[in-house]
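Asks: what shape does this take:
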Amino acid sequence: MLDALYPPRAGIFAPSDDTIVCRCEELTAGDIRRAAAIGQPGPNQIKSYTRAGMGPCQGRQCGYTIAHIVAAEQQRPVAEVGFYRIRPPLKPLTLGELASLDIEEEQA
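Replies: Sure thing, here's the model as predicted:
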């Protein structure tokens with residue numbers, strides 16, 4: 001509902017080349033554009049080339065921006081370019097959270 005009522009400005013997904021888009025890996029929009037110019041990679045290939053989306057946030061902060069940059073560079077729709085593949089864990093866990101899980105083994 002919020003996206004329909006208050007859509008982001010069109011330019012929000014087209015930052016200048018010196019703008020950092022992946023804070024975890026300190027990658028700029030220019031870095032992503034240069035990687036997108038090699039063939040027609042999607043976001044998952046960009047991740048392999050540049051490490052974008054491989055930091056602690058796992059692409060939750062930069063994924064949409066990177067997909068839009070790749071789509072604009074390749075003059076393709078964002079839906080065709082796609083987004084990062086979701087990989088577990090969907091939300092990082094601390095060791096304390098993992099250790100505190102109450103897991104009972106079923107007896108056969």
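Asks: hey, which helix or strand in this protein has the poorest pLDDT?
Replies: helix 2-5 (a mean of 83; mean pLDDT, DSSP states H and E).
Asks: can you pull out the helices in this protein?
Replies: With helices called from DSSP state H, the chain shows them at 2-5, 29-36, 43-50, 63-74, 78-81, 95-99.
Asks: tell me which residues of the longest one come out buried.
Replies: For helix 63-74, the neighbour count (16 or more other Cβ atoms under 10 Å) marks 63-71, 73-74 as buried. Glycine gets a C-beta too; all of them are placed from N, C-alpha and C.
Asks: name the nearest residue to the most centrally placed residue in the chain, sequence neighbours excluded.
Replies: Nearest residue to the geometric centre of the chain (Cα atoms, centre = their mean): residue 63, 2.2 Å. Nearest non-adjacent residue to residue 63, counting by Cβ to Cβ, 6 or more residues apart in numbering: residue 84, 5.0 Å away.
Asks: dump the residue contacts of that neighbour.
Replies: 43-44, 47, 53, 58-59, 63, 67 (Cβ atoms under 8 Å, 6 or more residues apart in numbering).
Asks: try it again at 10 Å.
Replies: Residue 84 is in contact with 42-44, 46-47, 52-54, 58-60, 62-64, 66-67, counting by Cβ atoms under 10 Å, 6 or more residues apart in numbering.
Asks: same question, residue 79
Replies: Contacts of residue 79 (Cβ under 10 Å, 6+ apart): 67, 71.
Asks: do residue 92 as well
Replies: Neighbours of residue 92 in contact, by Cβ under 10 Å, 6+ apart: 56-58.
Asks: got phi/psi on it?
Replies: According to degrees, to the nearest 10, the main-chain angles of residue 92 amount to phi -60, psi 140.
Asks: apart from its chain neighbours, what residue comes closest to residue 80?
Replies: Leaving aside its chain neighbours, residue 80 sits nearest to residue 71 (7.4 Å; criterion: Cβ to Cβ, 6+ apart).
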